[in-house]
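>>> Need coordinates for the below:
(chains A and B)
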Amino acid sequence: MTDVEERPHKKRRFFVDDSPAAESSLPRANSVADSSQPPAHSPPAVESDDALPIDVFDTGLFKAVVGDGLPDSAVLSLQKRFGDNLESAINAYFDGSWKTPSPQKPPSIPQATAQKPPSLSKQLSKDATSAQKSHEAATASSPPPKPPPLEVMPSKRYIGALGVAGWMTKSGSGLLKPGDNVKIERSKQRPSQKLGAGGKIRQPLRQKVDVIVRFIDSHGSELGRLEQEPATWISTLLDQNVCSFEGHCIFAPERVRTNDTVYLQLTCYLLKQAFDANNYIRPLDNNRQTGLFEAKETQDERDLRMRQIGLVKLFQEINLHPSQINEQTAKHKREGILQAAEVAERYEVDGSTGKKHGSDSGKSTPMENPGSSPPSEGNEEGEELEQDQLDTLYRKAQSFDFNTPEAEPAASFDMDLRKYQKQALHWLMSKEIASTQDHKEQSMHPLWEEYHWPSKDVDGKDLPIVAGVDAFYINPYSGEISLDFPVQEQNCLGGILADEMGLGKTIEMLSLIHTHTSPEQKAAMNSSGERRLDSVNSLPRLPKSSASVEPAPATTLVVAPMSLLAQWASEAEKASKHGTLKVMMYYGAEKTANLQTLCCAANAASAPNVIITSYGVVLSEYNTVASSFVGNRGSHGGLFSIEYFRVILDEAHMVKNRQSKTAKACYELSAIHRWVLTGTPIVNRLEDLFSLVRFLRVEPWSNFSFWKTFITSPFEKGEFVRALDVVQTVLEPLVLRRTKDMKTPDGEALVPLPPKVVEIERVELSTPEREVYQHIYARAKRTFAANVEAGTLMKSYTTIFAQILRLRQSCCHPILTRNKAFVAEEESAAKESDIANGLADDMDLDSLLERFQADEGEQDASRFGAHVLKQIQEEAEMECPICSEEPMIEQAVTGCWHSACKKCLLDYIQHQTDKGEIARCFNCREPIIARDVFEVVRHDDDEDGDNGQNIASKALMGAIEDDEEEEELYSSTQLDQAKTPTRISLRRINQLSSAKINTLLSQLKKLKRAEPATKCVVFSQFTSFLDLLASALHTSNISYLRFDGSMSQKDRATTLTTFATRPKFTVLLISLRAGGVGLNLTCARRVFMMDPWWSFAVEAQAIDRVHRMGQSQEVKVTRFVVQESIEEKMLRVQERKKFIASSLGMMSDEEKKLQRIEDIRELLS
Amino acid sequence: MAAPLPKRIIKETERLQNEPVPGISALPHDDNARYFDVMVEGPGGSCYEGGVFNLELFLPDDYPMTAPKIRFLTRIYHPNIDRLGRICLDVLKNNWSPALQIRTILLSIQALLGAPNPEDPLNEAVAKQWKENQAEAIKTAREWTALYATAKK
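Next comes the predicted model:
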């Protein structure tokens, strides 16, 4: 880089200066990245000399020359760069140099640039493109004549001077005297570790990186070296061909000896090639073919960081200040970078020990991230966001303009969209169709800074002025330098649809799928429509299966959690006019198809338009592809073998952890348009958003060290406002978010939902239940107190927590506390507390539980005969002798066969017992006891459709339960067919029941009678409790379905469909966790929450499964809370805090523990 | 009385109006549906024949778990009914059952008039007379009936 010529001949300069870049773009020029670039942007690089000597830039003429295929943006780009020099513009256009330097020259300087990935060129050129595009408004009337900046840029240009100290490596007199010029060079001995595009070579010991910078006299012999500190960054800038330096001596002793200090003034020039896109090292090639060898990129990341630091330091030293900085980022910007870099440095120092730590936080690190990327190590979890911070963030993101334009869905879309959904469609389409982007006012990319070229040098002499190039731009976060104005631009043809749950994200996406299709698909549809009869023509060409990733222009891939696959399929079905949308489930057995063959462009007419698959499938195929189809993933024929027209991640917070394999697998899916749907783009960490951005390939945010520098580090240092502001700029162009409580300007709700009533049903425990509860309660309290005293609260946190869990379970049903896992846990916990307290009271618990079970009854009902049952059956329709209800509510009979309502009967027994009398039958005055009261279960209203099956299963159940507790005593179908074809059986009322179960059952029975078609959803967080509820519902003859995490996808789908379609009263038992996300249960209108969760938000989310868009009726929610129990206190905690951070299952964080110990204290108070 | 009237009381009241028992009537007060004015005719062939006896009946809050409170307003000469009109009847005490109703209770009272039981007396003086000189006792009962239970109307 010794070429000092200011204005060399154009061609020659081109060849010499651009060569490193050219060389660098060769090794990986076949990256998939470029395929996402619209073809129109790559004009043919032939026909070079077809120019017209015209002076004024005339767009029409220009188009006439080069053809109409050129997009406006490109024209504008050329227009800006070449001003009125149409000839140059046309030349540049045809030889391609307007976009990227042409890679035709062999490498002449094999420097540290060997592994620069090429795709930045694309980005930069796009940046440039849109920069000029956005100039359009300003330049349309009178285009200012501007030469193309890079073309007129001299090979190097002065930016400033600085003083440094150096030390001599020679001794002698007259070697160096003030005023002498010296050359500044990098050490010749520098080993070329960075060569080798394979990238496997890594520097073994990073700490010993050679940073020697020598100064050399005019004869080429070394005089000395620069001091370590400046040498560190100067060496980087030299190595990376960013700058060149000329030195001249300021001070040197007359006679110098080795190691004497001399002072030099360095004049610094930015090299032209630094502005060349290809000279820029990007740390992560997001569009790489295989994501498997990330190790090599750590060197890149490091280079990047060094370059950042170098540039920032340089600018500091030469005292060059930006002339324009984006306002939001101006504050503390540069310090932030340096600090972040230093933080990274620190991590690097203990990098070897930090490896363990790193792989702990990310389970999937061994293959992809073997502890070798310092900037991303150590604290990748990031800090959790406080709720109010999240709120602020969202509030900004959801400043939705109600006047945004709407778009009408295509005719094939068969649903009515609400206004805001049409607006969403418009937004979605505008994101996908880049060229229709609004010509917004040009604003500088927030990360960039503008600098003016100095007009005078350090001695006050005027510098040569380069016409039209007054400023250059630097991105101190990436180390990028540019002459073109960096516009904040969205280059990702997709985004984040973050409408709140229930607003219809699925529908909005489906409308997009219908409305924006690829030209190929349109063509295919047209031809198949017109020439259906022409069988020969319409036969699809047989595509040959290809080893590379083939485009699938008619296909959208939907990745969703397993529980939602069926829902997607049915919504897609519902939303489409018959035959207009081919939907394919890609899951389990259906996975045999070769997607590449099915979906490739040649088959566009018959290809599935929507492929629905699960995250699990993506992950497993990714594993297969990664292990055996490296480089030829096309031959696998699966999800990774095609480039979709569009890919959609539903419930995308599933991939919020960028370290997870699932997330990595999703990053690798290839598509033109990339979308994520989620109601919570940020769950609790800013990194959550990063993962989405990474998937979307939003440049440059998808670069983690970039992200880290700008967002994570400031945030961790407590500069929340700054970090969140930046996040804001990331989100703003990407996210569309509306919430349910948004109001239109007229004050109407976005989605008018029917009202929701939440009421709390306070349940009173029965005496035996209360005894169990009190016992566990007393012990938990004791354990807590003992630990407080001993100061071992933190240690025994788990134990205490287990006991509280048990307490909560005993509110549902004491038998839950006998769950084997818990028993084991309890025992060890008890042992611990026994040791601490010298107590041994487990016997008590056991005997109490035995009593409870005994109360549930042993079998002793044989004295009932058929005639009794007949009588009972006849009485069933009569009124209750006690309360006069007709028919009886939950008919029950005494041991002496007399019927009344269950409640009346039990109340009367209780009444007598309370008075100290022996309970006697209300009818015959026989002594009776509560456990000899039997409930009458009638089988008269079984579902019509599956009657036979049901009876069979009931008979089976009866047979089984004969051995246990239930007595299937009588089947009246045989005796009394004509009159009462009703089967009844008797069941001890206390059997496997609890206060909560009883309350629920009686509510359900009442409801069933009043509204025989209503669907109910019953949530509990304890699946074992759901088991109990299931058997209770079964014996009460209430039809129910079960949905929990252990079910297969098929079963889930079947369950949901059955629940939605069954015309009669049905209860869905669902675990709080499995039902928290995504599910649509709007067919129900009653919700029962069996047990409170720590944070009401979780319950609310569950309730919103029912109370969401699509719900047409009022929703009534009943929350069961046991009186005077921990549940009541939980409600109080819920109210007090509204938000207890994430979940109590995570107990890693000491602070969280402390915080929760306070909660526990309150719970046990 | 804040709670709504239980269905049972409503039904009983309705039935007492719609299917009256011969010789017995019970009418709730307008301002208190648990308070009834009761009228029982003395059973034929008894010493109370021809008499019309007024009683008051009150249904306590926990009715039908507990028996109604009932008392004669009309003076009556009966070994099981005291001067204050209180009645000694097992179904109103220990043998109460929620399966019993106003109707059945009133029938029991009517039956009690037909079959005085001096062995289980409430009014010792009357019971003594009844045991020692039954004819005289029955005579007195008739006189009382004529005097107190037939005067009006």
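
>>> Now do residue A:502 against residue A:1017, distance only.
15 Å (Cβ to Cβ, to the nearest Å). C-beta: built from backbone N, CA, C; applies to glycine.

>>> And the residue most central in space within chain B, how far from residue B:147?
Centroid-nearest residue in chain B: residue B:109, 4.5 Å away (criterion: Cα atoms, centre = their mean). Applying Cβ to Cβ, the value for residue B:109 to residue B:147 is 20 Å.

>>> same deal with residue A:707?
Residue A:707 is 107 Å from residue B:147, by Cβ to Cβ.

>>> more neighbours, the two?
Shown here are residue A:707 and residue B:147; by other Cβ atoms under 10 Å in any protein chain shown, residue A:707 has more neighbours (26 against 13).

>>> Would you agree the more buried one is in contact with residue A:690?
Yes - counting by Cβ atoms under 8 Å, residue A:707 touches residue A:690, with 5.1 Å between them.

>>> what touches both of these two?
residue A:701 (Cβ atoms under 8 Å, 6 or more residues apart in numbering or on different chains).

>>> Show me what the lowest-mean-pLDDT helix or strand in chain B is packed against.
Taking mean pLDDT, DSSP states H and E as the measure, the helix or strand of chain B with the lowest value is helix B:124-132, at a mean of 87. On a contact count with 3 or more Cβ pairs under 8 Å, 6 or more residues apart in numbering or on different chains; DSSP states H and E, helix B:124-132 meets helix B:134-144.

>>> what's the helix it packs on in contact with?
B:47, B:48, B:75, B:76, B:77, B:78, B:126, B:129, B:130.

>>> So what's the gap between that helix and the chain middle?
Mean-position distance between helix B:134-144 and its chain equals 19 Å (Cα atoms, centre = their mean, to the nearest Å).

>>> any idea of the mean pLDDT in it?
In this model, helix B:134-144 carries a mean pLDDT of 89.

>>> Which positions within it qualify as buried?
B:137, B:138, B:140, B:141, B:142, B:144 (16 or more other Cβ atoms under 10 Å in any protein chain shown).

>>> Could you do stretch A:602-617 as well?
Applying 16+ other Cβ under 10 Å to stretch A:602-617 flags A:602-605, A:607-617 as buried.

>>> cool, and stretch B:49-63?
Quick answer for stretch B:49-63 (16+ other Cβ under 10 Å): B:51, B:52, B:53, B:55, B:57, B:59, B:63.

>>> quick one: that stretch to chain centroid distance?
5 Å.

>>> Ok, stretch B:141-153 next?
16 Å.

>>> quick check, nearest of the contacts of helix B:134-144 to chain A?
residue B:78 (25.9 Å; Cβ to the nearest Cβ).

>>> Beta-bridge partners for that closest one, please?
residue B:81 (DSSP bridges).

>>> Chain A contacts on chain B?
B:6-8, B:11-12, B:62, B:64-66, B:95, B:97-99 (Cβ under 8 Å from any Cβ of the partner chain).

>>> low pLDDT regions in the stretch 351-500 of chain A?
Applying pLDDT under 70 to the stretch 351-500 of chain A picks out residues A:351-402, A:434-447, A:458, A:467-468, A:477-478, A:487-492.

>>> give me that answer again for 80
A:351-404, A:433-449, A:455-471, A:475-493, A:500 (pLDDT under 80).

>>> and if you look at the stretch 901-1050 of chain A?
A:928-993, A:1035-1036, A:1045, A:1049.

>>> ok, back up a step: filter the buried residues of stretch B:49-63 down to the ones in strands?
Judged by DSSP state E, the buried residues of stretch B:49-63 include B:52, B:53, B:55, B:57 as members of strands.

>>> What about the residue nearest to residue A:754 when sequence neighbours are not counted, how many residues nearby?
Nearest residue to residue A:754 in three dimensions, chain neighbours excluded: residue A:1114, at 4.9 Å (Cβ to Cβ, 6 or more residues apart in numbering or on different chains). Look at residue A:1114: counted by other Cβ under 10 Å, it has 13 neighbours.

>>> check contacts around residue A:1114.
Contacts of residue A:1114 (Cβ under 8 Å, 6+ apart): A:754, A:755, A:756, A:757, A:1085.

>>> Now the buried members of these.
So, by 16+ other Cβ under 10 Å, the buried ones in the contacts of residue A:1114 are A:756, A:1085.

>>> any chance you could map the helices in chain B?
Using DSSP state H, the helices assigned to chain B run over residues B:7-18, B:102-114, B:124-132, B:134-144.

>>> Point out where the stretch 201-350 of chain A drops to low pLDDT.
Looking at the stretch 201-350 of chain A by pLDDT under 80, you get A:201-211, A:218-220, A:272-309, A:316, A:319-350.

>>> could you pull out the helices for it?
Counting by DSSP state H, counting those that start in this stretch, the stretch 201-350 of chain A has helices at residues A:228-239, A:297-317, A:327-330, A:333-349.

>>> What is the longest one packed up against?
What it means is helix A:297-317. Using 3+ Cβ pairs under 8 Å, 6+ apart, helix A:297-317 sits against strand A:156-168, helix A:228-239, helix A:333-349, helix A:704-707.

>>> again, 6 Å this time
helix A:228-239, helix A:333-349 (3 or more Cβ pairs under 6 Å, 6 or more residues apart in numbering or on different chains; DSSP states H and E).

>>> Please identify the helix or strand for residue A:805.
helix A:797-812 (DSSP states H and E).

>>> follow-up on the earlier one: tell me which of the helices of chain B sits most buried.
helix B:102-114 (a mean of 19; mean count of other Cβ atoms under 10 Å in any protein chain shown).

>>> now the angle from that one to helix B:134-144?
130 degrees (axes from the mean of the first three to the mean of the last three Cα atoms, to 10 degrees).

>>> contacting residues around helix B:102-114?
Contact with helix B:102-114 is made by B:12, B:21, B:24, B:40, B:42, B:43, B:46, B:48, B:89, B:91, as judged by Cβ atoms under 6 Å, 6 or more residues apart in numbering or on different chains.

>>> who are the neighbours in contact with the second one?
Yep, that's residue B:21 we're talking about. Residue B:21 touches residue B:103, counting by Cβ under 6 Å, 6+ apart.

>>> what about 8 Å?
Residue B:21 touches B:103, B:106, B:107, counting by Cβ under 8 Å, 6+ apart.

>>> Now it. Its backbone dihedrals?
Per-residue torsions, residue B:21: phi -90, psi 130 (degrees, to the nearest 10).

>>> gap between it and chain A?
Residue B:21 sits 18 Å away from chain A, going by Cβ to the nearest Cβ, to the nearest Å.

>>> what do you get for the fourth one?
For residue B:40, the distance to chain A (Cβ to the nearest Cβ) stands at 23 Å.

>>> Same list (the ones in strands among the buried residues of stretch B:49-63) but as a markdown table, adding pLDDT.
Formatted as a markdown table, these follow (pLDDT from 0 to 100):
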| residue | pLDDT |
| --- | --- |
| B:52 | 91 |
| B:53 | 92 |
| B:55 | 93 |
| B:57 | 93 |
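
>>> Quickly name whichever of those is closest to chain A.
Distances from chain A to these, taken by Cβ to the nearest Cβ, are shortest for residue B:57, at 17.4 Å.

>>> you'd agree the closest one is up against residue B:70?
Yes - counting by Cβ under 8 Å, residue B:57 does reach residue B:70; the two are 4.7 Å apart.
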